[in-house]
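When you get a sec, could you give me coordinates for this:
(2 chains)
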Number of protein chains: 2
Amino acid sequence: MRNLRVDGERLWRSMMTMAEIGATAKGGVCRLTLSDEDKASRDLFIEWCRAIGCTIRVDAMGNIFARRAGRNDDLPPVVIGSHLDSQPTGGKYDGAYGVLAGLEVLRTLDERAIETDRPIEVVSWTNEEGARFSPAMLGSSVYAGVADLAYGQGRTDHDGKSVGEELERIGYRGGDDLAGRPLACYIEPHIEQGPILEAEGKTIGVVTGGQGVAWYDVAVTGADAHAGPTPIAMRRDALLAAAAMLLRIRELAVAEAPAGRSTVGEFRIEPGSRNTIPGKVEFTVDLRHPERETLARMDEGLRALIAQTAGEHGVDAAVERIWLSDPIAFDADVVQAVRAGADLCGYSHREIISGAGHDAFHLSTICPTAMIFVPCKDGVSHNEAESALPGDVEAGCNVLLHAVLERARG
Amino acid sequence: MRNLRVDGERLWRSMMTMAEIGATAKGGVCRLTLSDEDKASRDLFIEWCRAIGCTIRVDAMGNIFARRAGRNDDLPPVVIGSHLDSQPTGGKYDGAYGVLAGLEVLRTLDERAIETDRPIEVVSWTNEEGARFSPAMLGSSVYAGVADLAYGQGRTDHDGKSVGEELERIGYRGGDDLAGRPLACYIEPHIEQGPILEAEGKTIGVVTGGQGVAWYDVAVTGADAHAGPTPIAMRRDALLAAAAMLLRIRELAVAEAPAGRSTVGEFRIEPGSRNTIPGKVEFTVDLRHPERETLARMDEGLRALIAQTAGEHGVDAAVERIWLSDPIAFDADVVQAVRAGADLCGYSHREIISGAGHDAFHLSTICPTAMIFVPCKDGVSHNEAESALPGDVEAGCNVLLHAVLERARG
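As a prediction, this is how the structure comes out:
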């Protein structure tokens, strides 16, 4: 078994074939959730799984479970998963890689006629991206009981069409109730969507958890005034105060390096006239850290620096936390299975924290979970330019194969 | 003569009566250039001037010249002026004060039957504000030969109506050619439109000139990236780089205190998503200083700090100067006449530089010129909340009276 490897060329061909569905002119894909392209990708996935003897079940959220029986088929299954939907101008790798790597593991076992004690399932979750229907990771959240079915089916797109109606329309409103049963573990391979592995020349990211995320809205209020007659010392310039806040918000993350993150992504000023001192600024803050205590410390630091900077600049400032997602710690045993798989195959690897959200976060609330990252070019994702190397894609799949084999023992 | 004073209550009543034309619900005025309200204000001004025996002349730009004859009426006139048009949500004082202070000087001379060697004219310039027709200070620019008549009459509003057509419509396309003749001097009283006099408790601003102004567009280009997976040290955050630039741009003005000004009034980022590091920022810079050499030094400083900051943050930056208006130095003798008037009346005063543009800037290119500032509440202008105290309005007019009397000697 130690020398068993997946067929990297077959995996790559499958990914390129899948990427033809919803292909964009710039080399990406557009497969919005429950669109005709999404249906076509689901049909193809199911066709490929049936060709190797898998049974297919679909639940009421349209999550697809392809199952390869185990020697002891009553044991809780090892589950591999990710998603086939994409951003409007998404890439070929985000999501599809995890689903097709799972398929490649099953194909490899099938062609070698290797039996496992436990059954193995490959899942494609509905609406991971959240681009057509909000929120993201919807199918897995209902499966994990984080959200209920009525909520999930009731989410609507900009045209008022609901998930339930659109599932019905494309024929993927399934009748299989698979929630609540025990799962041996869940493993999700994914491109990193960040620059760390590429920069450090590592092939495999052994994902130990997900960052906690806190989102804030900040409003800074000074006073509009004429740019000419108003001396610098008599100004209450909301933009300058906000600029000083931004530099200090960066330091919040630097103080918690290497895992800390702080980002100001939206920033608007008023009145926005060339010769008027801005009287109002609104901006967002995104703070992330994998430890709850540290994220709480960053929260305190943010509030303190905003109050202090506002005072120094003679402006008023209000900060409101509008969302908090606690850090996720993956299961030590499943993480170890991933690490051991990388060691066995001889791939360089490092531990890494997922900065972005994944279906694995919801699954981690109901079963032992881990993820496998592979490098992507320049850390670019959610972009038609998203790219990964065939060798890295193959390597991640080999790690998955061995982690699954290890965890599929009865 | 030393004890001669204007009638402050009459001046105030005239201002309040004028402010009824185009009065807004919030206590301001809306008298857009060449609107029916502008015509009504012109008619009223002319009616008042004729009542004290002035002759009225109107040129082809609609500039109105009300003339009180001098003992030696062939001498070049002393000219007082400002404008009766307003911003869409303007105040009662900006512009109207200068015109009506000029009228009050003539009324005071008239009721005391005081003759002056030189004739005195009060001018109301067309389209100072630039709110309906761009650019601002249009009537005075044509009068001073800075722009030509065809250009001035050809300017159009958002509906495509030209200055020439609208002058014709309201009956103010005059036939008097008054440009090119010698003027003894030009004096313009105005509210400060800034906070300095009020803050320092001074009644009179002896305006020694106007700031030079340089306008820039700056573009900062980094790289978009996902807020979660991208470590702080690996970012090329255009917003953070711009924030650091803003703080240094403030220092440019602080280094040239008290006259230096720097303002960033427009600021836009892309892509503007809560969990995406901004890859692009565009902002404007407005630099001002009353000395050409200093403004040139600030220009060099701006370019250097933008290049340096861009380098430190690993982003690209481009800076382009899109407009430069040289500093204006008013005439030392006319400025001295204003100062002497304030001393004679016993008003506290200080020298001040005009931060905003005024018709006086164009007049200064063709004759000895000065301005008189009076305080306005909180430095607020171009706003319905614009406010000034009756005592200050009266004081500025008394200074004007004595400066005019001094300069009207033959």
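
Now do the nearest residue to A:Ala179 once chain neighbours are set aside against A:Ser364, distance only.
Ranked by CB to CB, 6 or more residues apart in numbering or on different chains and with sequence neighbours excluded, the top spatial neighbour of A:Ala179 is A:Tyr143, at 5.4 Å. In short, each C-beta sits where N, CA and C put it, glycine included. According to CB to CB, to the nearest Å, A:Tyr143 and A:Ser364 sit 12 Å apart.

The two: which has the busier surroundings?
Regarding A:Tyr143 and A:Ser364, a neighbour count based on other CB atoms under 10 Å in any protein chain shown identifies A:Tyr143 as having more, with 27 against 23.

Burial check on the closest residue to chain B within the stretch 251-400 of chain A, number of neighbours?
When you check the stretch 251-400 of chain A against chain B by CB to the nearest CB, the closest residue turns out to be A:Gly355, at 2.7 Å. Residues contacting A:Gly355 under the criterion other CB under 10 Å number 24.

That one touches B:Thr230, doesn't it?
Yes: the pair A:Gly355 and B:Thr230 passes the contact test of CB atoms under 8 Å, sitting 7.0 Å apart.

list residues touching both of these two?
A:Gly194, A:Arg261 (CB atoms under 8 Å, 6 or more residues apart in numbering or on different chains).

Go ahead and confirm the residue nearest to A:Ala179 touches A:Asp177.
No: distance between A:Tyr143 and A:Asp177: 10.5 Å, which falls outside the contact criterion (CB under 8 Å).

shared neighbours, those two?
Residues touching both A:Tyr143 and A:Asp177 (CB under 8 Å, 6+ apart): A:Asp59.

what sits against the residue nearest to A:Ala179?
Listed by CB under 8 Å, 6+ apart, the contact set of A:Tyr143 reads A:Asp59, A:Met61, A:Asn63, A:Trp125, A:Leu178, A:Ala179, A:His362, A:Leu363.

So which of these is the closest to chain B?
Closest approach between these and chain B, by CB to the nearest CB: A:His362, at 16.5 Å.

from the chain's centre, how far out does the strand or helix carrying the closest one sit?
With secondary structure defined by DSSP states H and E, A:His362 is part of helix A:359-363. Helix A:359-363 has its C-alpha centroid displaced from the chain centroid by 9 Å (CA atoms, centre = their mean, to the nearest Å).

ditto for stretch A:300-308
29 Å.

Likewise for stretch A:38-51?
Its chain's average C-alpha position is 22 Å from that of stretch A:38-51, according to CA atoms, centre = their mean.

Only alpha carbons, please: show that stretch as CSV.
The C-alpha coordinates for stretch A:38-51 follow below in CSV (Å, rounded to 0.1, in the frame of the first residue of the first chain):
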residue,chain,number,x,y,z
ASP,A,38,-24.0,23.6,-12.0
LYS,A,39,-26.5,20.9,-13.1
ALA,A,40,-24.1,19.9,-15.9
SER,A,41,-21.2,19.6,-13.5
ARG,A,42,-23.3,17.5,-11.1
ASP,A,43,-24.4,15.2,-13.9
LEU,A,44,-20.8,14.7,-15.0
PHE,A,45,-19.6,14.0,-11.5
ILE,A,46,-22.4,11.4,-10.9
GLU,A,47,-21.7,9.8,-14.3
TRP,A,48,-18.0,9.4,-13.4
CYS,A,49,-18.9,8.0,-10.0
ARG,A,50,-21.4,5.5,-11.3
ALA,A,51,-18.9,4.3,-13.8
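
Taking the contacts of A:Tyr143, please make a PyMOL selection of just the buried ones.
Buried residues among these (16 or more other CB atoms under 10 Å in any protein chain shown), as a PyMOL selection:
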select buried, chain A and resi 59+61+63+125+178+362+363
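
Narrow the contacts of A:Tyr143 to those in helices?
Among these, the ones falling in helices (DSSP state H) are A:His362, A:Leu363.

can you list the residues of the stretch 251-400 of chain A near chain B?
Within the stretch 251-400 of chain A, the positions near chain B by CB under 8 Å from any CB of the partner chain are A:253-254, A:257-258, A:260-267, A:269, A:272-278, A:284, A:286, A:288, A:354-357, A:379-382.

picking that back up, do you know the pLDDT at the residue nearest to the residue of the stretch 251-400 of chain A closest to chain B when sequence neighbours are not counted?
In space, and not counting its chain neighbours, A:Gly355 is closest to B:Gly228: 2.7 Å by CB to CB, 6+ apart. What the model reports as pLDDT for B:Gly228 is 90.

Equivalent analysis for A:His382, please.
Here the pLDDT value assigned to A:His382 is 88.

I'd guess it is in a strand, am I close?
No: according to DSSP: H, G, I helix; E, B strand; the rest coil, the state of A:His382 is coil, so it is not within a strand.

mind listing what it touches?
When contacts are counted by CB under 8 Å, 6+ apart, A:His382 touches A:Gln87, A:Thr89, A:Gly90, A:Gly91, A:Asp94, A:Gln193, B:His226.

Out of the residues you listed, grab the one that's most surrounded.
Among those, where neighbours are counted by other CB under 10 Å, the top count belongs to A:Gly91, at 29 neighbours.

Is it correct that it is in contact with A:Glu386?
Yes: proximity of A:Gly91 to A:Glu386 meets the contact threshold set by CB under 8 Å, at 2.4 Å.

anything in contact with each of these two?
Shared contacts of A:Gly91 and A:Glu386, defined by CB under 8 Å, 6+ apart, comprise A:Gly28, A:Val380.

How about A:Leu344, nearest residue that isn't a chain neighbour?
A:Leu344 sits nearest to A:His402 (CB to CB, 6+ apart), 5.4 Å away.

so who does the one you found touch?
When the contact criterion is CB under 8 Å, 6+ apart, the partners of A:His402 are A:Leu4, A:Ala337, A:Ala340, A:Gly341, A:Leu344, A:Cys345.
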